[in-house]
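dropping a prediction and its sequence here:
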Amino acid sequence: MPTTLKDIAAAAGVSIGTVERALKNRDRINPQVAERIRQIAKEMDYQPNKIASGLVKRSRKYKIAVIFHITGSEFWNEVLKGIHKAEKEIKDYGMSVQMYFGNDFDPQVQLTLIDQALQDGANAIVIIPINSPVIAKRIRQLNKENFPVVFLNTYLNRISCLSSIHCDYYRSGRIGGMLADRLSGGTGHVMAFLPSSVMLGNNYRKDGIADYFKDTSSNLVLEKIVELKNMPENDMETMIRELREHNQVGYIIYCGDTNVALSAMKNVNRPFTSIFYDLSSDAKKALLDGRIDAAIVQSQKEQGYRSIDVLSQYLPSGIEPKKEILMDCQILFKECID
C-alpha cells in the first residue's frame with residue numbers, strides 16, 4: 001500500500017502534524033528533525049496525494065458507497081480492514097464511506113442495496129458483484145449514466161466499470177495445478193473443490209486448474225473439479241462423498257471454509273497432500289502442523305484499500321485509474337510462516 005503520513009510519523013517517532021510541517025517546509029520545527037523526516041519519507045517512497053490535498057480547499061463532499069457481503073469470515077474481514085484504512089485517510093478531505101451489508105450471494109438483495117446507495121446520494125459505488133443477470137443489467141445502466149463503479153475482488157464477464165481490483169484468478173488456478181503437480185512428483189490423482197460460480201472469479205480459477213493439466217505432460221491425473229455450495233454442512237458431505245467414491249485421490253486443491261475441508265479429510269481417514277487458497281487463522285495452524293501442505297494467498301486487505309483509493313483520486317479530478325488492477329498471489333509453505 002502507498003506510504004502515508006501516519007507511516008512516516010511512526011517511523012520517525014513524531015506526530016502526524018510534525019511530519020506535515022516538515023514535508024511542507026513550515027516553520028516551528030527543528031531543522032534537523034525536519035531533515036530526518038524528509039529522509040525517512042524519501043526512503044519509504046512517500047508520494048504526496050496532490051489530488052486529496054486539493055480537496056481541503058473544496059467545498060464539495062463525496063460519498064462512496066460500498067456494497068459488501070455479510071461479515072464473519074476472516075477473508076472478508078481483511079478486505080474490510082483495507083477499506084477502513086483508506087476511509088480514515090480521506091475523511092479529512094471531504095470524502096466519506098458508507099457501508100451496505102447484504103446476504104451472501106443473493107442478487108436481489110444486492111440490487112436493493114445498489115438502489116439504496118443511489119437514493120442516499122452516493123457519488124460512486126464499490127461492489128463485490130454477484131454473477132447474475134440482474135446485477136449485470138444494473139451495472140450496465142450505471143455505465144450509461146457515467147456513474148463510477150469499482151469492482152472489488154471479482155468482476156462480471158463483458159461488463160465494464162471504472163476499475164476492477166482483484167487477483168488473477170486464472171493464474172492462481174494454474175499455480176494450484178502446478179503446486180499439486182510438483183508436490184506429487186508428477187504421479188497420482190488430484191481433486192479440486194472450489195466455491196460456487198456466483199463469484200465469477202471462481203470460474204476462471206477452475207479454468208486455470210483444468211488448463212494446467214491439459215497443457216502439461218504430467219502423470220498427475222485431475223480426477224474432477226467439484227463446485228461447492230457455500231453451505232458448510234452440505235459442502236462437508238459433498239467432500240466426504242467425493243473422496244470416498246474416488247479413493248485413488250491423494251491430492252486436494254481447495255478453496256472455501258478451512259474447517260469444512262479439514263473435517264472432511266479427517267473423516268475420510270486417509271493421508272492427503274493438500275493445497276488451500278487463502279489463509280485463515282485455522283488454515284495457518286494447519287499449515288504449521290502439517291495438515292495443509294501449501295497455501296496460495298491474495299492480498300485482500302490491499303484490494304479493499306485500493307478500491308477506495310482509486311475513487312479518492314478519480315472523484316475530484318476525473319483522472320481515470322487503470323481498468324484492471326491485478327493483485328499478486330503468494331505461495332506459502334510452513335517455513336514461510338513466522
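Ah, there it is. Every value quoted in this text rests on a predicted model; they were computed, and no experiment measured them.

C-alpha from now on. contacts and neighbour counts both.
Noted.

can you give me the domain boundaries for the protein?
Domains of the chain are assigned by automatic domain parsing as 5-48, 60-167+300-326, 169-298.

export these to JSON lines and tack on mean neighbour count?
Below are the domains of the chain laid out as JSON lines (neighbours: other C-alpha atoms under 10 Å):
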{"stretch": "domain 5-48", "mean neighbour count": "15"}
{"stretch": "domain 60-167+300-326", "mean neighbour count": "18"}
{"stretch": "domain 169-298", "mean neighbour count": "19"}
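
in JSON lines: those, plus distance to Phe333 and mean pLDDT.
As requested, those are arranged in JSON lines below (distance: least, C-alpha to C-alpha, whole Å; pLDDT from 0 to 100):
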{"stretch": "domain 5-48", "distance to Phe333": "29", "mean pLDDT": "80"}
{"stretch": "domain 60-167+300-326", "distance to Phe333": "19", "mean pLDDT": "92"}
{"stretch": "domain 169-298", "distance to Phe333": "5", "mean pLDDT": "94"}
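
could you dump the ones you listed to CSV with distance to Cys336?
Below are the domains of the chain laid out as CSV (distance: least, C-alpha to C-alpha, whole Å):
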stretch, distance to Cys336
domain 5-48, 24
domain 60-167+300-326, 19
domain 169-298, 9
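
closest one to Glu335 among these?
With C-alpha to C-alpha, the closest approach to Glu335 among the domains of the chain belongs to domain 169-298: 8.1 Å.

what's the span of the closest one, first residue to last?
Length of domain 169-298, first residue to last, C-alpha to C-alpha, to the nearest Å: 10 Å.

chain center to it, what's the gap?
19 Å (C-alpha atoms, centre = their mean, to the nearest Å).

all helices of this structure, in order?
5-12, 16-23, 31-43, 50-55, 74-90, 107-119, 133-144, 169-184, 200-215, 232-245, 258-268, 281-289, 300-317 (DSSP state H).

looking at those helices, which is nearest to Val221?
So among the helices of the chain, helix 200-215 is nearest, using C-alpha to C-alpha, at 7.7 Å.

tilt between that closest one and helix 169-184?
Here helix 200-215 points in a direction 50 degrees away from that of helix 169-184 (axes from the mean of the first three to the mean of the last three C-alpha atoms, to 10 degrees).

other SSEs contacting helix 200-215?
helix 169-184, strand 219-227 (3 or more C-alpha pairs under 8 Å, 6 or more residues apart in numbering; DSSP states H and E).

excluding sequence neighbours, find me the nearest residue to the most centrally placed residue in the chain.
What sits nearest the mean C-alpha location of the chain, by C-alpha atoms, centre = their mean, is Gln300, with 3.1 Å. Distances taken as C-alpha to C-alpha, 6 or more residues apart in numbering place Val79 nearest to Gln300, at 5.0 Å, with adjacent residues excluded.

ditto for Met239
Nearest to Met239 is Ala264, by C-alpha to C-alpha, 6+ apart, at 6.1 Å.

residues contacting the one you found?
Listed by C-alpha atoms under 8 Å, 6 or more residues apart in numbering, the contact set of Ala264 reads 236-237, 239-240.

Glu227 now?
193-197.

Serialize the residues you listed to TSV and add fields for distance to Thr18.
Below are the contacts of Glu227 laid out as TSV (distance: C-alpha to C-alpha, whole Å):
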residue	distance to Thr18
Phe193	52
Leu194	50
Pro195	48
Ser196	50
Ser197	50
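
nearest to Ile252 among the residues you listed?
Phe193 (7.6 Å).

right, and that closest one touches Lys229 too?
No: using C-alpha atoms under 8 Å, Phe193 makes no contact with Lys229, being 10.4 Å away.

sorry, back to before: what's the closest of the contacts of Glu227 to Lys63?
Ser197 (30.9 Å).

how near is the closest residue to the closest one other than its chain neighbours to Phe105?
Nearest residue to Ser197, sequence neighbours excluded (C-alpha to C-alpha, 6+ apart): Asn203, at 5.7 Å. Using C-alpha to C-alpha, Asn203 is found at 15 Å from Phe105.

Ala12 now?
Counting by C-alpha to C-alpha, the gap from Ala12 to Phe105 is 45 Å.

what of Glu20?
For Glu20, the distance to Phe105 - C-alpha to C-alpha - is 44 Å.

with Ile40 instead?
Ile40 is 45 Å from Phe105, by C-alpha to C-alpha.

before we move on, what about Lys214?
Taken as C-alpha to C-alpha, the span from Lys214 to Phe105 is 31 Å.

repeat that for Lys63.
25 Å.

ok, now Lys266?
29 Å.

same question for Arg140.
Taking C-alpha to C-alpha, one finds Arg140 at 19 Å from Phe105.

what does Val221 give?
32 Å.

same question for Ser281.
For Ser281, the distance to Phe105 - C-alpha to C-alpha - is 24 Å.

same thing with Leu118?
Distance from Leu118 to Phe105, counting by C-alpha to C-alpha: 21 Å.
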